[in-house]
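**Q** Pasting the sequence and the predicted model now:
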Amino acid sequence: MNKDFAFTVKCIRFDEHYQPSENTRITTNFANLARGENREENLRNTLRMIDNRFNALADWDNPKGDRYAVEIDIVSVEMLVDACSDDAGLPLIEVLKTTVLDKSNGERIEGVAGNNFSSYVRDYDFSIVLKEHNREREGFSVPSDFGDLHGKLFKAFLNSDAYKNHFNNPPVICISVSSNREYHRTENYHPVLGVEYLQKDYSLTDEYFRKMGMTVRYFMPAGSVAPLAFYFKGDLLSDYTHLELISTISTMDTFQKIYRPEIYNANSVAGKFYQPSLNQQDYSLTRIVYDREERGRLATEQGKFVEENFIKPYRSMLDHWSANFAV
């Protein structure tokens with residue numbers, strides 16, 4: 001990795017008192033929940049849903065369903081293009097880090113880093129690069145180098161001392177399945193992740209994560225109504241404990257019920273052959289306020305921000321670094 005690149009990691013607790021910092025990527029879903037007059041109620045209800053989901057899945061030696069609580073830290077990663085410079089770091093990504101509190105003995109158990117995934121450069125790629133590439137084309141296509149820089153920056157961060165000093169395992173990212181793909185249920189069943197689904201063609205998001213060095217598998221945990229997409233390095237089923245996996249499922253299944261209720265709070269369960277849809281009407285709403293329209297609008301604004309403050313000023317250096325990058 002280029003010796004002039006350096007990463008810094010900052011953490012802030014996601015609780016009912018959470019307020020987004022000025023440097024937070026404001027399209028981040030958890031930041032969206034923490035604004036407005038209902039912010040504290042939003043946050044309390046979200047955290048309660050996460051704890052309830054965790055205890056429902058971790059039901060052994062848990063007769064009252066209240067043994068565990070999930071603590072969540074927002075991890076913000078900044079990158080210094082020149083480690084010797086006094087300039088402020090450029091915001092790169094934000095993820096979540098879970099910790100499981102066993103209230104029966106007060107023990108805190110390390111959870112999973114990743115979960116949610118927010119990225120300024122991804123906003124740039126999807127909201128600026130992809131739109132410009134297809135502006136005057138017939139049909140949809142993707143640039144051959146789409147996601148290359150972002151993937152290499154992510155790999156560089158995972159290989160950095162900053163990551164290794166804060167986290168013991170590679171990240172697991174858990175997001176919604178694609179609404180333009182069909183998934184089919186298999187006979188493979190995991191005691192925590194649930195039943196596995198497969199698809200024939202990887203989505204653009206799947207390919208984007210592949211360039212970040214991450215593989216995808218799709219599982220529908222017990223009590224869920226649709227499969228989740230799990231992006232990981234290594235072996236998802238063997239590298240993480242049951243409690244670690246449950247911390248990811250409970251956090252992201254809750255967020256998806258809020259963000260995409262048409263899929264994850266639907267009133268019917270995904271069948272043997274399943275294609276998600278944001279247009280279906282048979283679903284229930286949570287009592288948590290979430291502004292999906294605002295999120296879409298801000299993604300474009302922040303894509304322009306990273307273009308003006310990162311891509312254009314450092315383009316030649318980034319091109320050179322990317323061409324010579326090797327982990």
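**A** Noted; the coordinates are in hand. Owing to the predicted nature of the structure, the values given are computational and were not obtained by experimental measurement.
**Q** Report the distance from stretch 189-208 to the chain centre.
**A** Remark: stretch 189-208 is offset 15 Å from the chain centroid, using Cα atoms, centre = their mean, to the nearest Å.
**Q** How about stretch 261-273?
**A** Taking the mean of its C-alpha atoms, stretch 261-273 sits 20 Å from the chain's own mean (Cα atoms, centre = their mean).
**Q** cool, stretch 264-275 as well?
**A** The chain centre lies 22 Å from the centre of stretch 264-275; the measure is Cα atoms, centre = their mean.
**Q** Pull the residues that contact that stretch.
**A** Residues lying outside stretch 264-275 but in contact with it, judged by Cβ atoms under 8 Å, 6 or more residues apart in numbering, are 176, 179, 181-185, 197, 220, 224-227, 253, 256-257, 280, 282-286. The way it works is simple: take the backbone N, C-alpha and C, and place the C-beta from them, glycine included.
**Q** same check, this time on stretch 200-215
**A** Contacts of stretch 200-215 (Cβ under 8 Å, 6+ apart): 122, 125, 142, 146-148, 150-151, 154-155, 158, 173, 175, 178, 180-182, 216, 229, 231-233, 236.
**Q** Any regions of the chain where pLDDT drops low?
**A** By pLDDT under 70, the low-scoring segments of the chain are 1-4, 21-37, 82-88, 289-297, 327.
**Q** one more time with 80
**A** Counting by pLDDT under 80, the chain contains low-confidence residues at 1-5, 19-39, 81-89, 287-299, 326-327.
**Q** can you map out the helices along it?
**A** With helices called from DSSP state H, the chain shows them at 29-33, 39-57, 120-124, 130-133, 148-158, 161-166, 204-210, 242-259, 261-264, 292-306, 315-323.
**Q** Can you flag the buried ones in the contacts of stretch 200-215?
**A** Using 16 or more other Cβ atoms under 10 Å as the burial test, those include 122, 125, 146-147, 150-151, 154-155, 158, 173, 175, 178, 181, 216, 229, 231-233, 236 as buried.
**Q** Provide a list of residues in contact with G151.
**A** Taking Cβ under 8 Å, 6+ apart, one finds 208, 211-213 in contact with G151.
**Q** Redo these as TSV? Include neighbour count and distance to P276.
**A** Compiled in TSV, those are given as follows (neighbours: other Cβ atoms under 10 Å; distance: Cβ to Cβ, whole Å):
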residue	neighbour count	distance to P276
Y208	21	18
K211	17	23
M212	22	22
G213	17	26
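**Q** Just the closest of these to D66, please.
**A** Of all the contacts of G151, the one sitting nearest D66 is M212; the distance, using Cβ to Cβ, is 37.0 Å.
**Q** quick revisit: return the subset of the contacts of G151 lying in strands.
**A** Counting by DSSP state E, these place none of their members in strands.
**Q** ok, so of the residues you listed, who is nearest E16?
**A** M212 (32.2 Å).
**Q** From F154, how far out is the closest one?
**A** Taking Cβ to Cβ, to the nearest Å as the criterion, M212 is separated from F154 by 4 Å.
**Q** Then K10?
**A** For K10, the distance to F154 (Cβ to Cβ) stands at 17 Å.
**Q** what's the answer for P276, then?
**A** For P276, the distance to F154 (Cβ to Cβ) stands at 26 Å.
**Q** and if you look at R67?
**A** Look at R67 and F154: by Cβ to Cβ, they are 35 Å apart.
**Q** Repeat that for G89.
**A** Using Cβ to Cβ, we find G89 at a distance of 16 Å from F154.
**Q** Kindly report the same for E301.
**A** Counting by Cβ to Cβ, the separation of E301 from F154 is 22 Å.
**Q** what does F126 give?
**A** In this structure, F126 and F154 are separated by 15 Å, where distance is defined by Cβ to Cβ.
**Q** L318 now?
**A** For L318, the distance to F154 under the criterion Cβ to Cβ works out to 14 Å.
**Q** contacts for stretch 153-165?
**A** Counting by Cβ under 8 Å, 6+ apart, the neighbours of stretch 153-165 from elsewhere in the structure are 1, 5-9, 77, 79, 92-93, 119, 121, 170-171, 212-213, 233, 325, 327.
**Q** Report the separation between the two terminal residues of it.
**A** The first residue of stretch 153-165 is 18 Å away from its last residue (Cα to Cα, to the nearest Å).
**Q** buried stuff in it?
**A** Buried residues in stretch 153-165, defined by neighbour count with 16+ other Cβ under 10 Å: 153-158, 160, 162-163.
**Q** what do you get for stretch 267-277?
**A** Buried residues in stretch 267-277, counted by 16+ other Cβ under 10 Å: 270, 274, 276.
**Q** would you turn the residues you listed into TSV with distance to H17?
**A** Written out in TSV, the entries for those read as follows (distance: Cβ to Cβ, whole Å):
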residue	distance to H17
A270	36
Y274	39
P276	34
